[in-house]
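K.L.:
pasting the structure only:
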């Protein structure tokens, strides 16, 4: 299971203070806010960096509720979603029953998982899914954050690093007409470290993190990770749950 990242530093007391409006009968009508600045940055990113941004926003929601529930699914989804930033086919399609996730803690978690799934799984084919999820997850994370200003400052720094290192990547679909090598066509790999304001991102650290997540998700039998049969049906070729050789991926700027 994923450990809590260093860039999440909320105390138990801060997490217990739920200072926002939440009504399950209204779905997300109370989740408002202006995250246009996040979307403006997102259009200046590679597809893989956009996928990573979705996962980073999602994790900021998941860890905000650490210790306030006893469900494993939210972290399992986070782990499988990180795998899907390597190749979107790694994330298995899922639907969670809405009525099983209610209240000011599990309700937001259900919403976050519901919006993350299509963005990470098919967003590389349908950009609107990616942008919609980035906008929604940004608003939701801001809505539930114990310290919205601190959350915004953290995200602003992360976006600056993402834009500097992972600008849009030109991809020629005719190089892979049957979609066998989707995972290598999304831009340079992006690791969790891009969200850590205290450490300089590095290609080596990114690859090590992603390789570890893939191995852990497979070893633990993560239920949200596509199995080899799923991958075969999706046209996956190669050895699943492993990174391709480093020269298979473009290099990040300043890597």
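P.N.:
Thanks, I have the structure now. Just so you know, these numbers come straight off a predicted model, no measurement behind them.
K.L.:
hmm, residue 189 and residue 207 touching each other?
P.N.:
Yes: with contact defined as C-beta atoms under 8 Å, residue 207 reaches residue 189; the gap is 6.0 Å. All C-beta atoms are positioned from the backbone trio N, CA, C, and that covers glycine.
K.L.:
what residues are shared contacts of the two?
P.N.:
residue 243 (C-beta atoms under 8 Å, 6 or more residues apart in numbering).
K.L.:
okay, those two: which has more neighbours?
P.N.:
residue 189 (28 against 16; other C-beta atoms under 10 Å).
K.L.:
quick one: secondary structure of that one?
P.N.:
Counting by DSSP: H, G, I helix; E, B strand; the rest coil, the backbone at residue 189 sits in coil.
K.L.:
dump the residue contacts of it.
P.N.:
Taking C-beta under 8 Å, 6+ apart as the test, what residue 189 contacts is 48, 85-86, 203, 206-207, 210, 243, 249, 252.
K.L.:
how about 7 Å then?
P.N.:
Residue 189 makes contacts with 48, 206-207, 210, 249, as judged by C-beta atoms under 7 Å, 6 or more residues apart in numbering.
K.L.:
all helices of the stretch 1-150 of the chain, in order?
P.N.:
Taking DSSP state H, counting those that start in this stretch to define them, one finds helices in the stretch 1-150 of the chain at 12-16, 36-42, 47-64, 73-86, 103-122, 127-144, 148-165.
K.L.:
and the gap between residue 78 and residue 46?
P.N.:
For residue 78, the distance to residue 46 (C-beta to C-beta, to the nearest Å) stands at 21 Å.
K.L.:
over to residue 23?
P.N.:
To residue 46, residue 23 is 38 Å away according to C-beta to C-beta.
K.L.:
more neighbours, these two?
P.N.:
Per other C-beta under 10 Å, whichever of residue 23 and residue 46 has more neighbours is residue 46, with 22 against 11.
K.L.:
what's the closest non-adjacent residue to the more buried one?
P.N.:
Spatially, and ignoring its direct neighbours in sequence, residue 46 is nearest to residue 187 (3.0 Å; C-beta to C-beta, 6 or more residues apart in numbering).
K.L.:
before we move on, back to that, quick one: which of the contacts of residue 189 is nearest residue 71?
P.N.:
residue 210 (24.9 Å; C-beta to C-beta).
K.L.:
how many residues are close by that closest one?
P.N.:
If we define neighbours as other C-beta under 10 Å, then residue 210 has 19 of them.
K.L.:
can you name the two of the contacts of residue 189 that are farthest apart?
P.N.:
Farthest-apart pair in the contacts of residue 189 is 48 and 207; separation 12.9 Å (C-beta to C-beta).
K.L.:
measure how the strand or helix carrying residue 206 sits relative to helix 47-64, angle-wise.
P.N.:
Using DSSP states H and E, residue 206 maps to helix 203-220. Helix 203-220 runs at 60 degrees relative to helix 47-64, counting by axes from the mean of the first three to the mean of the last three C-alpha atoms, to 10 degrees.
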